[in-house]
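1. Here you go, sequence then predicted model.
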Amino acid sequence: MLTTSRISSDFDVELQLGALAGVIALEIVEVVVEGIVRKEIRARIDGEPLPAMTVRRDNIVQIAMPDPDDDKISVSVLNSIPASISVHNENPTDEFLYRRNLLVTSLWDDLSVTRNGFAIAGMAGTAERFEPERVTISRVSYVDDVLDTIAYRRSDGEEQTLTLAEIRERTAVGELRAPFRLAAAPAEATLRIPEGKLACVCLDPTRIRRENTIITDIGFSSGVRLRTPDAIALQDAAAIVVVGFQLIHPRDYNAYFRAKADFFLDNNFERLPEFQA
């Protein structure tokens, strides 16, 4: 299993790359890959984190991490000083949508270096991180045209139903933040699920329903159907992503989905086959 510990590090490097790039700070964080804690280098420009590379795999959104052999800065020495150890990883009782990872952590605050090597000392503590399971959306439920619940199905068939409020609560504390774009996964990369309690599900639109010129409903290849405002709200919350189209938020108009700008009309969102109520 894999999750992100997000334990901060004081191993920062700052490089001045000119006025256009600003100040780039490299920081070391920790991720847990299948129960093993490893270091990862991340960058910030003028204090703002660079967006992670998000890709589609197993019909959910995942983050692509560069292969460790390609790192420009070696973290092998830092990996020899473990700050966290994963000691427990399982689904909480009656919970099928995420796993709880318990870590024993160390805060190193004393370093001694001699000609024979170095020694460190500090205090131990505990932390927990959550990794979403790989899931699909099996069905949605509306009450009087208001989205009420969404049922999620795990790869082994277990299902769990969440209210819209529960979905928003889970995505609000997750690692993934909208807006983001899906990219092709690099050949040499490790994929991990963004930390949180709910995976972001990829949905392929196959048909639409419209009233006059307004697209009111979207049907997906999985058989699930969502009203357009609900699909927009769920994508804004990083709970779903409508694959193949861009979500546009005009300044003075309602948000809408559209194809990537090109010279073709056949791939427009409005050209999807229509269905009746």
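-> Received, thanks.

2. contacts and neighbour counts: CA atoms only from here.
-> OK.

3. So which bits of stretch 140-151 are buried?
-> By 16 or more other CA atoms under 10 Å, the buried positions in stretch 140-151 come out as 140, 141, 149, 150, 151.

4. And for it, what's in contact with it?
-> 137-139, 159-164, 224-226, 230 (CA atoms under 8 Å, 6 or more residues apart in numbering).

5. residues touching residue 237, list them.
-> Remark: with contacts taken as CA under 8 Å, 6+ apart, residue 237 is in contact with 168, 171, 172, 177, 178.

6. for residue 176, that is, sorry about that
-> Residue 176 neighbours (CA under 8 Å, 6+ apart): 194, 195, 238.

7. Try it again at 7 Å.
-> By CA atoms under 7 Å, 6 or more residues apart in numbering, the residues touching residue 176 are 194, 238.

8. Just the element for residue 166, please.
-> helix 164-172 (DSSP states H and E).

9. And the next helix or strand past that helix?
-> strand 189-192.

10. where in the stretch 101-250 of the chain is pLDDT low?
-> In the predicted model of the stretch 101-250 of the chain, residues 106-111, 117-125 satisfy pLDDT under 70.

11. What ranges does it have for its strands?
-> Assigned by DSSP state E, counting those that start in this stretch, the strands in the stretch 101-250 of the chain fall at 117-132, 135-143, 146-154, 159-163, 189-192, 201-203, 205-211, 214-220, 225-227, 240-242, 246-248.

12. got the angle between the third one and helix 164-172?
-> What it means is strand 146-154. Put simply, strand 146-154 runs at 60 degrees to helix 164-172, going by axes from the mean of the first three to the mean of the last three CA atoms, to 10 degrees.

13. Output strand 146-154 in PDB, but only the C-alpha positions, please.
-> Output of strand 146-154 as PDB, limited to C-alpha atoms (Å, rounded to 0.1, in the frame of the first residue of the first chain):
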ATOM      1  CA  VAL A 146     -31.200  16.700  -5.900                       C
ATOM      2  CA  LEU A 147     -28.100  14.400  -5.700                       C
ATOM      3  CA  ASP A 148     -28.500  12.400  -2.500                       C
ATOM      4  CA  THR A 149     -25.900   9.600  -2.500                       C
ATOM      5  CA  ILE A 150     -23.200   7.900  -4.500                       C
ATOM      6  CA  ALA A 151     -22.300   4.200  -4.200                       C
ATOM      7  CA  TYR A 152     -18.700   3.200  -4.600                       C
ATOM      8  CA  ARG A 153     -17.500  -0.300  -5.500                       C
ATOM      9  CA  ARG A 154     -14.100  -1.700  -4.600                       C
END
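
14. Name the residues that touch the helix holding residue 166?
-> Contact with helix 164-172 is made by 148, 149, 197, 198, 237, 238, 239, as judged by CA under 7 Å, 6+ apart.

15. could you redo the last one with a cut-off of 8 Å?
-> Under CA under 8 Å, 6+ apart, the answer for helix 164-172 is 147, 148, 149, 150, 196, 197, 198, 237, 238, 239.

16. what does stretch 52-67 give?
-> 134-136, 180-186, 188-194, 199-203.

17. try 10 Å this time
-> Residues from elsewhere that reach stretch 52-67 (CA atoms under 10 Å, 6 or more residues apart in numbering): 40-43, 133-136, 155, 176-177, 180-195, 199-204, 238-241, 243.

18. Identify each buried residue in it, please.
-> Residues of stretch 52-67 classed as buried by neighbour count (16+ other CA under 10 Å): 52-57, 59-66.
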